[in-house]
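Trainee: My questions concern the predicted model and sequence given below.
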Amino acid sequence: MQQFSGDDFGNLIYLMILGSVIAFWFFTSGRNSMNKVLQQLAVWALIFIGVIAAYGMWSDIRQTVVPRQAVFENGARIELPRARDGHYYATAMMNGIPIRFVVDTGATGVVLRKADATAAGIEIEELAFLNEAMTANGPVRIASVRTDSFGLEGAEIPRFRVDVNEGQMSQSLLGMSYLQTFERIEISGGTLVLVR
């Protein structure tokens with residue numbers, strides 16, 4: 001059951017005051033035609049109730065309209081919905097920082113763009129880009145780093161190796177070095193399912 005926070009209570013008071021002001025205006029402006037005022041008041045009351053209901057159910061509505069990553073059984077099953085662009089995205093925790101990845105079964109490892117590496121506390125200036133990886137655009141230089149922890153919620157791995165790409169990337173890649181830690185990977189009904 002959802003609990004009200006102080007902000008929720010304040011919003012409810014604000015909506016009640018707004019509703020009272022609208023009702024008062026209708027009654028004072030239409031004293032001569034009370035039936036019309038009551039009809040309009042009923043319409044506004046339905047709108048008001050609809051807004052409150054939509055606000056209370058927003059998290060459920062958002063999950064239906066824009067489904068998000070879901071974790072079940074303490075990380076034993078993770079579901080990633082297909083995005084509108086046809087890709088699967090996942091938010092993984094790296095050194096306690098959430099990083100958004102595109103799932104790439106064609107990538108050998110986990111590859112970070114420099115901005116995400118910096119956000120996770122990796123000092124880019126101290127890295128030695130000595131290794132090379134092949135991409136669709138040709139070879140790129142990478143630096144390997146051991147994280148304190150890495151993984152999807154409930155499926156974190158300590159001291160996990162990731163690669164930082166020296167070049168430009170639009171999105172960090174969640175590749176097979178992490179995905180193969182799951183027992184099963186399947187796609188069903190537009191959802192990528194990872195099972196331990």
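Mentor: Everything's here; your move. Numbers count the residues shown, from 1 in each chain.

Trainee: Just confirm D116 is within a strand.
Mentor: No: assigned with DSSP: H, G, I helix; E, B strand; the rest coil, D116 falls outside any strand and is helix.

Trainee: Near it, how many other residues are there?
Mentor: Neighbourhood size, D116 [other C-beta atoms under 10 Å]: 22. For every residue, glycine as well, the C-beta is placed using N, CA and C.

Trainee: Quick check, it in contact with S172.
Mentor: Yes: using C-beta atoms under 8 Å, D116 is in contact with S172, at 4.7 Å.

Trainee: intersection of neighbour lists for the two?
Mentor: Counting by C-beta atoms under 8 Å, 6 or more residues apart in numbering, the shared contacts of D116 and S172 are I99, R100.

Trainee: Quick check: the gap between V43 and G109.
Mentor: 59 Å (C-beta to C-beta, to the nearest Å).

Trainee: out of those two, which sits in the busier spot?
Mentor: Legend: neighbour count by other C-beta under 10 Å for V43 and G109, higher for G109 (19 against 10).

Trainee: Low-confidence ranges, this protein, go.
Mentor: Counting by pLDDT under 70, the chain contains low-confidence residues at 1-10, 23, 25-34, 37, 54-67.
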